[in-house]
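Engineer: turn this into a structure:
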Amino acid sequence: MKEKLLSIICGLLVMMTIQAQPLLKTHVETGDVEGVLEGNDLACYYAIPYAAPPVGDLRWKAPQPAKSWKGALKAKETAKWPPQPEKSYVKYDMMDEDCLYLSVVTPAKKENEALPVMVWIHGGSFRTEHYGGELWQSLARRGVVTVSVGYRAGALGYLAHPELAKENPEGHSGNYGLLDLICALQWVQRNIKNFGGDPAKVTIFGESSGAMCCNILCASPLAKGLFRACISESGAFMSPLSLMDQATAQMVGNMFMNQLQKKSIEEMRQMDAKSLTGNDVNFMGCAPIIDGYVMTAPLYELYQKGEYNDVPVLIMHNSDEAATEIESVSEEMYNQQIGQLPGHWADTLKAYYPGRTPEERLDNLRDIARDLNFGWPAYAWATLQKQTGKSSVYVAYLAQKSDTTVYAKSNRRGAAHVDDILYLNGSFDNKGDRYPQEKKVSDLMQQYWVNFAKTGGNPNGEGLPAWPVFDEQKPTVMQFNNGASLINVPNKKGIDLVDRFCQYVRDLRAGKITQ
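Structural biologist: Coordinates of the predicted model:
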């Protein structure tokens, strides 16, 4: 009797353990798939193809449907990196043009849990990096399904050319990396419910060029209805300084073909990927373009007119973004950099950023880079959406200084470019004794981000400092520095200067003024 009772108890314990496990097996439109148990609370699917390999004749074409498979796909390892220049941590044998995969991390134990979904778009200057860098288990443990998307980069992702436009029935070329992201979001809509996610509760979030992609997706008619909220970290595609239209991009594509000594797209499709994306390759068109299809006009103009997907946004940049690039500045270099500006702008900039000592020159040049490349684009996005949209806008500023960084050089004054990832990916979760302030900021940011995704646009929640919607006239920017507190728009004088300069560039291009 005692043995029988013990057997029943053991059986019940086994059943409870099985029931407590997250979804380790499920089905997508192309077949069955198996994930990996992480800890005892997450199912991780490291590589699921969301489109066919963009190789051979599919190179420089919109993503095509993935093929079905028989049996169960064991998604236990991340896919290879998209072809790109080699670095110390990524070599050519780690890369493959077959790169259209995504990961799914879910805490769901049943398919019908309808959890919010956060879709990550990695950065890398539209040229480098990999979706497998962050799968966001730390966020998933707070009650969301996380998806990380791989997409084409470099010349494979952004080459535009007249021959490619002629191949396309709609007459455009380029922006293949963006089309990959749209394809992945469509896949999420069709399949994420099988991982316990809710396709009606998707939030996209990205960093650097990934954040720029988020901004573009918020303005693209092709992405309408594919997500309900957006988080941007250190990136917005608002600047007029490097925009290319279809004609200019195709001219750059012709130059690239000549540089490679090829005579046709057919010949370029026969080249190996390394020859198109490697360290010795100089492709000047490595960025999204205004193609009239994915991106119908400059984003600044679209937001002025209210012609975008009006979803709630949370927009953040960091206090020392340029600490990853600039370590020291000579007087000659400083004057040369500023002297490149047209008209009176060099003198105007020098008056605000005088650069009188080596320390001041370093600080000033980093501040210029921050305000020009990150601060102003974030401010422009937030203010324009407040003017022409109806959805909520929240603005944040990461200023936490730490001994820990991802890429930054010495003499940091705050958070460098990419350092926001450390606070969101759980890097400080088990290091509270050594990094108490970083741990505090990390906990706050993770919960705000997850709340934003769970509610579809409101980061506030129990136990968190109240965060009002953005109002540039009031202290509504949430600064993360030894905790969280509200401040006015940071570095406003520098941002206002950039604002005037960008308006000058737009007027110049429109023929309203002459240089």
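
Engineer: just how off-centre is stretch 296-310 within its chain?
Structural biologist: The chain centroid and the centroid of stretch 296-310 are separated by 19 Å under Cα atoms, centre = their mean, to the nearest Å.

Engineer: list of residues touching that stretch?
Structural biologist: The contact list for stretch 296-310 (Cβ atoms under 8 Å, 6 or more residues apart in numbering) reads 215-221, 223-225, 236-238, 240, 243, 290, 380-381, 384-385, 388-391, 502, 506. Just so you know, the C-beta spots here come from the backbone N, C-alpha and C atoms, and that holds for glycine as well.

Engineer: restricted to helices, list these.
Structural biologist: 215-219, 380-381, 384-385, 388, 502, 506 (DSSP state H).

Engineer: quick one, what contacts residue 150?
Structural biologist: 79, 82, 99-102, 130-132, 180.

Engineer: over to residue 324?
Structural biologist: Residue 324 is in contact with 406-409, 416-418, counting by Cβ under 8 Å, 6+ apart.

Engineer: tell me the two of the residues you listed that are most distant?
Structural biologist: Spatially, the most separated pair among the contacts of residue 324 is 409 and 418, at 12.5 Å (Cβ to Cβ).

Engineer: of these two, which one has the most company?
Structural biologist: residue 418 (19 against 15; other Cβ atoms under 10 Å).

Engineer: if you count contacts, what does the longest strand along the chain end up packed against?
Structural biologist: As assigned by DSSP state E, the longest strand anywhere in the chain is strand 197-207. Secondary-structure packing of strand 197-207 (3 or more Cβ pairs under 8 Å, 6 or more residues apart in numbering; DSSP states H and E): strand 115-121, helix 176-191, helix 209-219, strand 229-233, helix 436-455.

Engineer: gap between the nearest residue to residue 145 once chain neighbours are set aside and residue 105?
Structural biologist: In this structure, residue 145 finds its nearest non-sequential neighbour in residue 197, 3.9 Å apart by Cβ to Cβ, 6 or more residues apart in numbering. Separation of residue 197 from residue 105 (Cβ to Cβ, to the nearest Å): 10 Å.

Engineer: quick one, phi psi at the residue nearest to residue 94 when sequence neighbours are not counted?
Structural biologist: Closest residue to residue 94 apart from its sequence neighbours, by Cβ to Cβ, 6+ apart: residue 81 at 5.4 Å. Main-chain torsions, residue 81, degrees, to the nearest 10: phi -70, psi 150.

Engineer: and what of residue 273?
Structural biologist: Phi and psi for residue 273, reported as degrees, to the nearest 10, are phi -60, psi -30.

Engineer: what residues are up against it?
Structural biologist: By Cβ under 8 Å, 6+ apart, the residues touching residue 273 are 83, 95, 97, 156.

Engineer: per-residue pLDDT, it?
Structural biologist: Residue 273 is assigned 97 on the pLDDT scale.

Engineer: one more: residue 343?
Structural biologist: 84.

Engineer: is residue 444 in contact with residue 484, as I believe?
Structural biologist: Yes: if you go by Cβ atoms under 8 Å, residue 444 and residue 484 touch, sitting 4.9 Å apart.

Engineer: which residues do these two both contact?
Structural biologist: Common neighbours of residue 444 and residue 484, counting by Cβ under 8 Å, 6+ apart, are 464-465.

Engineer: quick one, strands of the stretch 401-515 of the chain?
Structural biologist: Per DSSP state E, counting those that start in this stretch, the stretch 401-515 of the chain carries strands over the ranges 477-480, 484-487.

Engineer: just send those back as JSON lines, with distance to residue 281, mean neighbour count and mean pLDDT too.
Structural biologist: Formatted as JSON lines, these follow (distance: least, Cβ to Cβ, whole Å; neighbours: other Cβ atoms under 10 Å; pLDDT from 0 to 100):
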{"stretch": "strand 477-480", "distance to residue 281": "38", "mean neighbour count": "24", "mean pLDDT": "98"}
{"stretch": "strand 484-487", "distance to residue 281": "43", "mean neighbour count": "15", "mean pLDDT": "98"}
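
Engineer: what about the contacts of residue 150, which are in helices?
Structural biologist: Using DSSP H, these in helices are residue 180.

Engineer: give me the contacts around stretch 505-515.
Structural biologist: With Cβ under 8 Å, 6+ apart, stretch 505-515 has contacts from 240-241, 300, 342-343, 504.

Engineer: for that stretch, buried residues please.
Structural biologist: Of all the residues in stretch 505-515, those buried under the rule 16 or more other Cβ atoms under 10 Å are residue 506.

Engineer: if we can go back for a sec, which of the contacts of stretch 505-515 sit farthest apart?
Structural biologist: Spanning the widest gap among the contacts of stretch 505-515 are 300 and 343, at 21.0 Å by Cβ to Cβ.

Engineer: so for those two, which sits in the more crowded spot?
Structural biologist: Per other Cβ under 10 Å, whichever of residue 300 and residue 343 has more neighbours is residue 300, with 22 against 12.

Engineer: near residue 95, how many other residues are there?
Structural biologist: Using other Cβ under 10 Å: residue 95 sits among 21 other residues.

Engineer: OK, contacts around it?
Structural biologist: Residue 95 neighbours (Cβ under 8 Å, 6+ apart): 80-84, 273-274.

Engineer: ok, and the closest non-adjacent residue to residue 502?
Structural biologist: Residue nearest to residue 502 in three dimensions, not counting chain neighbours: residue 240, with 5.6 Å by Cβ to Cβ, 6+ apart.

Engineer: which strand or helix spans the closest residue to residue 159 other than its chain neighbours?
Structural biologist: With Cβ to Cβ, 6+ apart as the criterion, residue 159 has its nearest non-adjacent residue at 5.3 Å, and that residue is residue 253. If you go by DSSP states H and E, residue 253 is part of helix 246-259.

Engineer: swap in residue 396?
Structural biologist: strand 393-398.

Engineer: avg pLDDT for stretch 501-515?
Structural biologist: Stretch 501-515 comes out with an average pLDDT of 90.

Engineer: the stretch 51-200 of the chain: strands as residue ranges?
Structural biologist: All strands of the stretch 51-200 of the chain, identified by DSSP E, counting those that start in this stretch, fall at 72-74, 101-106, 115-121, 145-149, 197-207.

Engineer: many thanks, have a good one.
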